[in-house]
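Asker: give me the fold of what follows.
(2 chains)
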Amino acid sequence: MQITLIIGEDEKQVEVDEGKTVKNLLQMMEIPVETVVVKKNQSIIIEEELIEDGDIIEVIKVIYGG
Amino acid sequence: MEKCHKCGNTNTIVRRKQSGQILCQECFVESIQEKVLKDIRRQKLIEKGDKVLVALSGGKDSVMVLHILNNLRNRRIIDLVAVTIDEGISGYREEGVRIAAQNAETLGIEHRIVSFKEYVGRSLDEIMSDSNDRNACTYCGVFRRWILNKVAKEEGATKIATGHNLDDETQSILMNYLEGNIHNLTRIGIRSESKYEGFTVKIKPLREIPEKEIATYVLACGLPVHLAGCPYAGDSFRAKVGVFLKEISKEHPTIMYSTLRGFDKIKPVLKEKFSQKGSMGVCQECDEPAAGKICKACSFRLSWNQ
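Answerer: I've put the predicted structure just below:
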């Protein structure tokens, strides 16, 4: 299935396997879960949320080192 | 589908790893506001009639402090003034200053923007272009504290509120412990306890709120915040300790709370044994509090003229 992934200014279409969660997606991209807040279709969600075909997933980096 | 543990709503936004609690947006925002206001009451951080200076960088933590303390201002319990320090970090600070002003204006809170250039004579960029021996955080920390204290007196503020969160505070505890700075440990706490009248009392209303919950709160409330990392923070010791604590928190989600609770228990003993009593005087240059004849800020400033 295909989703829209937005990270900062960067927006792209990404293929994701069925049954994957937002947490799985973040791990695949090596983004530490504890440093981001994720929106699915413009609403904040828990990272254990399942991804569905056509979702717009926005990853907002909120925690920086230092 | 998992439901909010308070109201049953299925649109949940937070799973608190430390307690297992799952909350929807409305219940999460309410629970955070209640927790911070309860901590303020319980720890007696604020008294009726206080004029509180909020150190407002425009980042998520200080914006949240401003908005929550505005509840007390609206109830005419306190007066508020927001102060943004422009350190002079090109390409980074401008956006924070703009967002800070936007938040203050929306709430109708008096806002002052003060700069390193105006108060100490040099921007942080200028200081760093001429310095090889210290990292930027050392200068920035010393001058920010010095300026905040000065501006608090200019404004007649009785408290200075900062956005230090649970992650910041446990980092400070661990850093000072690892470095053996036991004297510094005695100064960590939810409010500064200096008896010296030249210091305005500093309070940390978000000391028990995890950093990620603060980020979730400001995004859930739709507050404008400056989400960017300081270009000077980079590879600091604090950053390394922060990464370690976040990593270990994955397996041990309550570790920051236990670090904080344990520290608060031993702090009275540390203070008794290691606090430098009666050593505070007045800086010969600026009349601000100083441990020796000259305060740290003035010793840096004087070194530039030599």
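
Asker: going forward, measure contacts and count neighbours with C-alpha atoms only.
Answerer: Will do.

Asker: mind listing what's buried along stretch B:107-124?
Answerer: B:I109, B:H111, B:R112, B:V114, B:S115, B:F116, B:V120, B:R122, B:S123, B:L124 (16 or more other Cα atoms under 10 Å in any protein chain shown).

Asker: surely the fourth one meets B:A82?
Answerer: What it means is B:V114. No - if you go by Cα atoms under 8 Å, B:V114 and B:A82 don't touch, sitting 10.8 Å apart.

Asker: how about the contacts made by residue 45?
Answerer: As the question left the chain open, I've gone with chain A. By Cα atoms under 8 Å, 6 or more residues apart in numbering or on different chains, the contact list for A:I45 reads A:V38, A:K39, B:N11, B:T12, B:I13, B:V14.

Asker: switch to chain B, please.
Answerer: B:D39, B:R191, B:I203, B:P205 are the contacts of B:L45 under Cα under 8 Å, 6+ apart.

Asker: name the helix or strand for the last one, please.
Answerer: When secondary structure is defined by DSSP states H and E, B:P205 falls outside every helix and strand.

Asker: how about the nearest residue in space to A:D55 that is not next to it in sequence, secondary structure?
Answerer: Closest residue in space to A:D55, ignoring its immediate chain neighbours: A:I3 at 5.1 Å, by Cα to Cα, 6 or more residues apart in numbering or on different chains. Assigned with DSSP: H, G, I helix; E, B strand; the rest coil, A:I3 falls in the strand class.

Asker: return the alpha-carbon coordinates of stretch B:117-137 using CSV.
Answerer: Output of stretch B:117-137 as CSV, limited to C-alpha atoms (Å, rounded to 0.1, in the frame of the first residue of the first chain):
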residue,chain,number,x,y,z
LYS,B,117,24.7,42.8,22.3
GLU,B,118,22.8,45.4,24.3
TYR,B,119,23.6,44.0,27.8
VAL,B,120,27.1,42.5,27.5
GLY,B,121,28.4,44.3,24.4
ARG,B,122,28.8,41.2,22.1
SER,B,123,26.5,38.7,20.4
LEU,B,124,27.1,35.0,21.1
ASP,B,125,28.4,34.7,17.5
GLU,B,126,30.9,37.4,18.1
ILE,B,127,32.0,35.9,21.4
MET,B,128,32.5,32.5,19.8
SER,B,129,34.4,33.9,16.8
ASP,B,130,37.0,35.1,19.3
SER,B,131,37.1,32.1,21.8
ASN,B,132,38.9,28.8,21.6
ASP,B,133,38.9,27.7,25.2
ARG,B,134,35.2,27.5,26.2
ASN,B,135,32.1,26.1,24.6
ALA,B,136,29.2,28.4,23.7
CYS,B,137,26.9,26.9,26.3
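
Asker: any idea of the mean pLDDT in it?
Answerer: What stretch B:117-137 shows for mean pLDDT is 89.
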